[in-house]
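Asker: Turn this into a structure:
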Amino acid sequence: MLRRVSGSLLFLVTLIAALIAMTPLEFAIKLANVASAGVTYDRAVGTIWRGSLTDVAVGRQRIGQVDLRFRPGEILSRGSATLEVAFAGEVGVGKGRLRVFPSRRAAIEDLLADINLQA
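Answerer: Alright, predicted model coming up:
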């Protein structure tokens with residue numbers, strides 16, 4: 001009986017993890033309401049596991065192409081959702097990590113960028 005319950009629980013956890021990983025990026029971005037922070041984009045492609053946004057702008061500053069890769073292990077170890085972020089466009093090129101906390105605050109970490117100050 002215990003084996004059956006633990007097997008069912010493992011299946012359920014795996015199913016939930018797979019459903020979350022396959023969530024369309026477009027849906028997650030709209031759910032996060034990034035537009036309220038002044039972030040706009042033309043198109044979202046992929047899933048929250050791995051996706052990209054085209055023609056991203058923050059306020060009036062055009063960023064360009066932004067690629068995102070979700071790091072699920074960070075939720076367990078740090079208590080926050082972490083995304084590896086890479087961007088390329090008029091403003092320059094760069095990469096780093098974006099951490100999103102349960103309080104809906106966000107932090108950029110380990111940012112390495114070559115920025116065009118004239119853009």
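Asker: Below-threshold pLDDT in this protein: ranges please.
Answerer: When residues are selected by pLDDT under 70, those of the chain lie in 1-2, 5, 76-78, 119.
Asker: would you list every one of the helices in it?
Answerer: 2-21, 25-32, 73-78 (DSSP state H).
Asker: Can you check which of those gets nearest to residue 90?
Answerer: Nearest to residue 90, of all those, is helix 25-32, at 21.2 Å by C-beta to C-beta. In short, each C-beta sits where N, CA and C put it, glycine included.
Asker: before we move on, back to that, in CSV: the helices of the chain, plus mean neighbour count and distance to residue 100.
Answerer: Formatted as CSV, the entries for the helices of the chain read as follows, by neighbours: other C-beta atoms under 10 Å; distance: least, C-beta to C-beta, whole Å:
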stretch, mean neighbour count, distance to residue 100
helix 2-21, 10, 14
helix 25-32, 16, 8
helix 73-78, 11, 10
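Asker: how about the strands of the protein, start to end?
Answerer: For the chain, the strands defined by DSSP state E cover 39-40, 43-46, 50-58, 61-71, 81-89, 92-100, 106-115.
Asker: Could you measure from residue 83 over to residue 106?
Answerer: Distance of residue 83 to residue 106, given as C-beta to C-beta, to the nearest Å: 10 Å.
Asker: So for these two, which residue has more residues nearby?
Answerer: Legend: neighbour count by other C-beta atoms under 10 Å for residue 83 and residue 106, higher for residue 83 (19 against 15).
Asker: quick revisit: turn the helices of the chain into TSV, columns for distance to residue 102.
Answerer: Shown next, in TSV, are the helices of the chain (distance: least, C-beta to C-beta, whole Å):
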stretch	distance to residue 102
helix 2-21	16
helix 25-32	13
helix 73-78	10
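Asker: Ok, which of the ones you listed comes nearest residue 62?
Answerer: Comparing those under C-beta to C-beta, the one sitting nearest is helix 25-32, at 17.5 Å.
Asker: Residue 50 versus the spatially most central residue of the chain, what's the distance?
Answerer: Centroid-nearest residue in the chain: residue 83, 4.5 Å away (criterion: C-alpha atoms, centre = their mean). Taking C-beta to C-beta as the measure, residue 83 falls 10 Å from residue 50.
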